[in-house]
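> show me the folded form of this:
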Amino acid sequence: RVKERLGDRNQNIAVGVATFIFLFALFLFNRSKKKSVPSRDTTEEESSSSAPESSAPNQNAKSSKNAKTQAKVPKSASTAPNHHVIATLKGHTDDVLSLCFSPNGSLVATTSSDRSARLFAVTSWDAKDFKFQRINLEFDHAVACSFSADGSYLMLATHDKHIKVFNVKFSVSKKEFSPYKLAFELKDTHHKDDIVAAAISPDSKYMMTCGAEDKIRLWSLKGEQLGDVSASGMGNYTACISPDGRFVSAACFTSDIKVWHVRFGKQGTFEALDKAMVLRGHKSSVYSVCFSSDSKKMASLSKDKTWKLWDIDVRFEVSEDPRCVLSATVADPLLRLISISASGSMVALAGHTHLVIYAVTPGQPPGPGHPVQLYDAAVMQTIDRAHDGEITSIQW
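Alright, predicted model coming up:
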């Protein structure tokens, strides 16, 4: 009997082990089957994450619930971006710090921390490759650049607070650069701090340098200092010259924007740098300023989270004040640069990796209480990742 009981017990154990192995194998089979056929929710989430992001801002999607709902939109139903890159200029091996267009638009100059400046020939934006010329800067790098009126000279302001002016030439017919030559170098600009802006006036009558410490200085194209002014007494973010060469303005740590008149005599000799007007309306530091192509308007971007458009076509000689004709709220505090398009119908703001373009349209016409045309602004396009790194310069 004992042997019979032991035999029955062993038989039961064998049956139990076999049953366990069968059930475990069935479990593994069902599990692998589920992985090979994902659920509808999982498929929709993966499709949404692989779809390109829309460049238009979604102002209605404010709650996290709405955000989660939008994340599950299938790829076929997603909105494609309404912007595209028409060209990418490559070659620098470090951060690009500034850029500028030549007056005829055929050249783009760029400066970089890689101790070089580059001239790109952009006679057609449809080209796959762009001819370029590299200008090496030993033991230094340029932080700003500007072309002369005829495009034959390129001004570079360096980290060591030097000014270098090169003679450059590109033959459109031959599609080739001539060897560049250093026309002259100004080694002492008298700035105590970094140069934050530099430019040649559009009429090529003078050069402007702006130091972070407060000073704005004017120079002849031979390197002779013509004059200087203190912008705010606190420090400068940047400065610019109007397209007609008559005005210089600076964005400073103060909320007021000063505009100076560059006065030349009948014989073309420099006479003075006079304060022409002050734009008042911002409540905090002004990050960036720029002029319109006709030099009759200015745009400004401030730390107070607003950007403004100003009518400066006034009789400043008799103390007529400029007028603010548009004020718009900026939602993104990282935006630090502003630029007006040539037509004046668009204004671009940039900062960090973001780019926002506004459409500017005529608003309320002149009337009682406001003798000038007012304007309205609406966001045309928002590009959250216009670049992978910090946007340092913006030009139309």
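> going by C-alpha atoms from here, please, whenever you check contacts or count neighbours.
Will do.
> all helices of the chain, in order?
Along the chain, the segments classed as helices by DSSP state H run 2-36, 40-50, 64-71.
> just for the stretch 51-200 of the chain, where's the confidence low?
By pLDDT under 70, the weakly predicted segments of the stretch 51-200 of the chain are 51-83.
> let's see it at 80
For the stretch 51-200 of the chain, applying pLDDT under 80 flags the ranges 51-84.
> which residue ranges of it form strands?
With DSSP state E, counting those that start in this stretch as the criterion, the stretch 51-200 of the chain has strands at 96-101, 107-112, 116-121, 132-136, 142-147, 153-158, 163-167, 170-171, 176-177, 181-186, 195-200.
> check the stretch 201-350 of the chain too.
Listed from the start of the chain, the stretch 201-350 of the chain has strands (DSSP E, counting those that start in this stretch) covering 207-211, 215-219, 225-230, 236-241, 247-252, 257-264, 270-279, 286-291, 297-302, 306-311, 323-329, 337-340, 346-351.
> those: which one's closest to residue 121?
Go through the strands of the stretch 201-350 of the chain one by one with C-alpha to C-alpha and the one that ends up closest to residue 121 is strand 337-340, at 22.8 Å.
> which residues touch the closest one?
Here strand 337-340 makes contact (C-alpha atoms under 8 Å, 6 or more residues apart in numbering) with 287-293, 299-301, 346-351, 393-396.
> average model confidence for it?
Here strand 337-340 scores 98 as its mean pLDDT.
> what strands line up against that strand, and which way round?
Strand 337-340 pairs in its sheet with strand 346-351 (antiparallel), by DSSP bridges.
> ok, back up a step: same list, the strands of the stretch 201-350 of the chain, but as a markdown table with distance to residue 100 and mean neighbour count please.
Shown next, in a markdown table, are the strands of the stretch 201-350 of the chain (distance: least, C-alpha to C-alpha, whole Å; neighbours: other C-alpha atoms under 10 Å):
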| stretch | distance to residue 100 | mean neighbour count |
| --- | --- | --- |
| strand 207-211 | 15 | 26 |
| strand 215-219 | 20 | 23 |
| strand 225-230 | 24 | 16 |
| strand 236-241 | 13 | 25 |
| strand 247-252 | 18 | 26 |
| strand 257-264 | 22 | 19 |
| strand 270-279 | 25 | 18 |
| strand 286-291 | 14 | 27 |
| strand 297-302 | 19 | 24 |
| strand 306-311 | 23 | 22 |
| strand 323-329 | 27 | 18 |
| strand 337-340 | 13 | 25 |
| strand 346-351 | 16 | 22 |
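> so which of those comes closest to residue 359?
With distances scored as C-alpha to C-alpha, the stretch of the strands of the stretch 201-350 of the chain nearest to residue 359 is strand 346-351 (4.7 Å).
> what's the mean pLDDT across that closest one?
Here the average pLDDT along strand 346-351 is 97.
> now stretch 255-275
Stretch 255-275 comes out with an average pLDDT of 94.
> same question for stretch 298-311.
Averaging pLDDT along stretch 298-311 yields 98.
> so what's the gap between it and the chain middle?
Relative to the centre of its chain, stretch 298-311 is centred 16 Å away, using C-alpha atoms, centre = their mean, to the nearest Å.
> do the same with stretch 155-168
In this view, stretch 155-168 has its centroid 22 Å away from the chain centroid, taken as C-alpha atoms, centre = their mean.
> quote the end-to-end distance of that stretch.
Distance across stretch 155-168, first residue to last, is 10 Å (C-alpha to C-alpha, to the nearest Å).
> and the closest residue to residue 86 other than its chain neighbours, how many neighbours?
Nearest residue to residue 86, sequence neighbours excluded (C-alpha to C-alpha, 6 or more residues apart in numbering): residue 125, at 6.7 Å. Residue neighbour count, defined by other C-alpha atoms under 10 Å, stands at 12 for residue 125.
> correct me, but residue 125 touches residue 87?
Yes. Shown here, residue 125 and residue 87 form a contact pair, counting by C-alpha atoms under 8 Å, at 6.3 Å.
> residue contacts, residue 215?
Contacts for residue 215 (C-alpha under 8 Å, 6+ apart) come out as 191, 228-231, 236.
> how far away is it from residue 196?
Separation of residue 215 from residue 196 (C-alpha to C-alpha) stands at 11 Å.
> which residues are common contacts for the two?
Counting by C-alpha under 8 Å, 6+ apart, the residues touching both residue 215 and residue 196 are residue 236.
> and residue 35, what pLDDT?
Model confidence at residue 35, expressed as pLDDT, equals 42.
> any chance of the strands of the stretch 201-350 of the chain in CSV, plus distance to residue 179?
As requested, the strands of the stretch 201-350 of the chain are exported to CSV (distance: least, C-alpha to C-alpha, whole Å):
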stretch, distance to residue 179
strand 207-211, 24
strand 215-219, 26
strand 225-230, 29
strand 236-241, 29
strand 247-252, 33
strand 257-264, 34
strand 270-279, 33
strand 286-291, 33
strand 297-302, 38
strand 306-311, 42
strand 323-329, 47
strand 337-340, 33
strand 346-351, 35
